[in-house]
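Asker: give me a model of this one.
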Amino acid sequence: MKKILLPNTIGPESLTPLLFAACVVGHELISKTEIPWHIQAFLSLGLVALILRFNNHHRSFLVLLPIVAFHTLLGMGTREINSPTSCKEGLVYQILEIKASRSTFVQAVGQIHELKRGSLHPTREKTLCLIDPKKPLQRGDFIYTLAPASAIKNSGNPGSFDMKNYYMTKGIHQQSFINQNYIKIGHAERWDSWIHALRTWFNQSFERHLSGSELGLAKALLLGNTAEVSQKNKESFAATGAIHVLAVSGMHVALFAELLLFSIGLFPRFISRNWAILFILIILWCYAWLTGFSASVLRSVTMFSLIHIGLLLQRSAHPNYLLFWCAYFMYLFDPSCIYDIGFQLSFCAVFGIQNYKKRIYSLWSPPHKILKGIWEHTTVAIAAQLFTVPLILYYFHTFPNYFLIANLGIVVLSGVSMYLGFGFLLLGWIPILGSLIGKIFSISLTIMNQFIGIIAQIPGAVEGGFSLSTGQLVMVILGLFWILHSYAPLWTKYALGLGLIVGLSGIRHNNQMETHLMILNSNSPVLIYKEKTHVMMFSGPKNSRKMLDRLFEDYQKIYPCSTSHIHNVAEQAKVRIKGVSITFRHKAIAIRGRKIYSLVRKPTQEWVLLTLDQKTKPIRAAIKLSI
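Answerer: Numbering: from 1, shown residues only. As a prediction, this is how the structure comes out:
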């Protein structure tokens, strides 16, 4: 039977998917193309009009068309929070946030202030400031610096972190290497300093009772602070598909809400149902604020709020409408959130669970209660992965093979750890009781960490090599929808599903067996020669081993290999590979094969690629050479 995603009714809640789509069209398409906006608006509204005309009564059409038109115009007029302005010299920043960092510089988020009529006024623009830790700053400090700000750019290397998109979703579009080149000119407490003080108090409470890897896991699990989680732990959680546990997500909010509902339910005589719901909503929104308002947390708290406000008003709506309401509200407040990977993964996971968990569960009826519990958790994991897997392959290029095993264990272990953690947050200030809960909490984190470590060490835990284009991602998602909702014969659905798997496997096989010579973008260019599954990396002496390891780890996400060698080559050294000669000099690298190339460093410290016909190309991203 065909699955109905949205009921065939027209009401206030039914409009949300249409209004959300209208806003996205207005903001993402009409306002960002060269075609005149009125022509695009006419075409978009004409298409919507046709859809409405053939699916609804004439009266509904007349009512809905102006509403959709208004929301399309609303989307056109909405601007992203903290959209970038021109870069300037001589800037005043107020430090909004200081992030713990393992690198040489401390990362601080500064809000630009402008001098108007003798006083400083805040702008909507934020900058990532890199500051020397030997000259510390505090939240709320005002600093003046002549250090210029430049746009945040990606390295363009295979598998590298999309830093530009990440900071764009945080409202940050530029960075400034300030180091110690600033003057502190004042300090002012911000209006939200109380939430920062509360976060600091919780951090200090954890530090009094926990240590080592358990301390980092506790801060990540309950406060969303992953700065102190070791790289080894991050890799283990990522390899098992449980990385979402290290970021406060909808699961955390759901468990916290259940704990609050249970706790308040013990005192029905002292607090009415309506006041209890209002009280819980206030606590949940404060917790979302405390953890940094991540997209998944906002989605979870907003859905919980809509559901329980509906209960107060004695109204209910289809779960998919609530999901679209959340997306609609979040997009109206900050259109850039739609590019947040957490936003996309969270909504796709919940969409899968709401619509396909019961269908998957109905495929088998376990005879025993224990098997039923295991099967139920398995169906939740599979339903959540249905539409998140394409996004994971698109953004991270890897797939965790043992995600089902890991998720079965992590649901129980993380649940226990989070209940103990929330109890510790609420009762940790009590001397004896706080120490007791802290000890048990630490043991639960140790068990969870060891479980994930064991799963991650199983051979074949992660498969890399998936590099999907945007078009291929859309095709995979549309193919999944067709398989799940079409009336086509069953054999055609199996054939399409097999075709998708074979296509994805083919992409991975091609990447794995490819032969190429590639230049990676770095402080000093790095050369990689790949012959099928064997890889050799060559670098001059100026790149550190740590940087080379990071570059190679990212490279392997798209081009997996079985054997590898990393070489630091001295200046004036020559390397020969399969008929290609590479000579490293002080400010140049010569490559001679069937074609001749030169890498030259200009006086501006920028490296450029020169070909035999003297064409130049700046190295701002990875470049494959024809050899």
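Asker: surely Ile410 is within a helix?
Answerer: Yes - assessed with DSSP: H, G, I helix; E, B strand; the rest coil, Ile410 lies in a helix.
Asker: and the pLDDT for it?
Answerer: At Ile410, the model reports a pLDDT of 84.
Asker: next: Thr226.
Answerer: pLDDT for Thr226: 77.
Asker: Glu571 against Ser539, yeah?
Answerer: No - in this structure Glu571 lies outside contact range of Ser539 using C-beta atoms under 8 Å: 11.7 Å. For every residue, glycine as well, the C-beta is placed using N, CA and C.
Asker: so those two - more neighbours on which side?
Answerer: Using other C-beta atoms under 10 Å, the more surrounded residue of Glu571 and Ser539 is Ser539, with 24 against 12.
Asker: mind listing what the residue nearest to that one when sequence neighbours are not counted touches?
Answerer: Closest residue to Ser539 apart from its sequence neighbours, by C-beta to C-beta, 6 or more residues apart in numbering: Val526 at 4.6 Å. Counting by C-beta atoms under 8 Å, 6 or more residues apart in numbering, Val526 touches 519-520, 537-539, 543, 548, 551.
Asker: which among those residues end up buried?
Answerer: Among these, those classed as buried by 16 or more other C-beta atoms under 10 Å are 519-520, 537-539, 543, 548, 551.
Asker: pull the most distant pair out of those.
Answerer: Ile519 and Leu548 (14.1 Å; C-beta to C-beta).
Asker: could you count how many residues lie near the closest residue to Lys602 other than its chain neighbours?
Answerer: The spatial neighbour of Lys602 that comes closest, neighbours along the chain excluded (C-beta to C-beta, 6+ apart), is Val608 at 6.1 Å. Neighbours of Val608 under the rule other C-beta under 10 Å: 16.
Asker: buried stuff in the helix or strand where Val608 lies?
Answerer: If you go by DSSP states H and E, Val608 is part of strand 607-611. Applying a neighbour-count criterion of 16+ other C-beta under 10 Å, one finds 607-610 buried in strand 607-611.
Asker: okay, helices next: where are they in the stretch 151-300 of the chain?
Answerer: 163-169, 193-209, 212-223, 231-239, 250-265, 273-290, 295-312 (DSSP state H, counting those that start in this stretch).
Asker: now the angle between helix 273-290 and the second one, please.
Answerer: Okay, so that is helix 193-209. 80 degrees (axes from the mean of the first three to the mean of the last three C-alpha atoms, to 10 degrees).
Asker: may I have helix 193-209 exported as CSV, CA atoms only?
Answerer: The C-alpha coordinates for helix 193-209 follow below in CSV (Å, rounded to 0.1, in the frame of the first residue of the first chain):
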residue,chain,number,x,y,z
SER,A,193,26.4,36.4,31.0
TRP,A,194,24.2,34.4,33.5
ILE,A,195,23.9,31.4,31.1
HIS,A,196,27.7,31.6,30.5
ALA,A,197,28.3,31.6,34.3
LEU,A,198,25.9,28.6,34.6
ARG,A,199,27.8,26.7,31.9
THR,A,200,31.1,27.5,33.6
TRP,A,201,29.8,26.2,36.9
PHE,A,202,28.7,22.9,35.4
ASN,A,203,32.1,22.6,33.7
GLN,A,204,33.9,23.1,37.0
SER,A,205,31.5,20.6,38.7
PHE,A,206,32.5,18.0,36.1
GLU,A,207,36.2,18.8,36.6
ARG,A,208,35.9,18.3,40.4
HIS,A,209,34.5,14.7,40.0
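Asker: and it, what's its mean pLDDT?
Answerer: Across helix 193-209, pLDDT averages out at 85.
Asker: what's the answer for the fifth one, then?
Answerer: Helix 250-265 carries an average pLDDT of 81.
Asker: now do the buried residues in it.
Answerer: With burial defined by 16+ other C-beta under 10 Å, the residues of helix 250-265 counted as buried are 250-253, 255-257, 260, 264.
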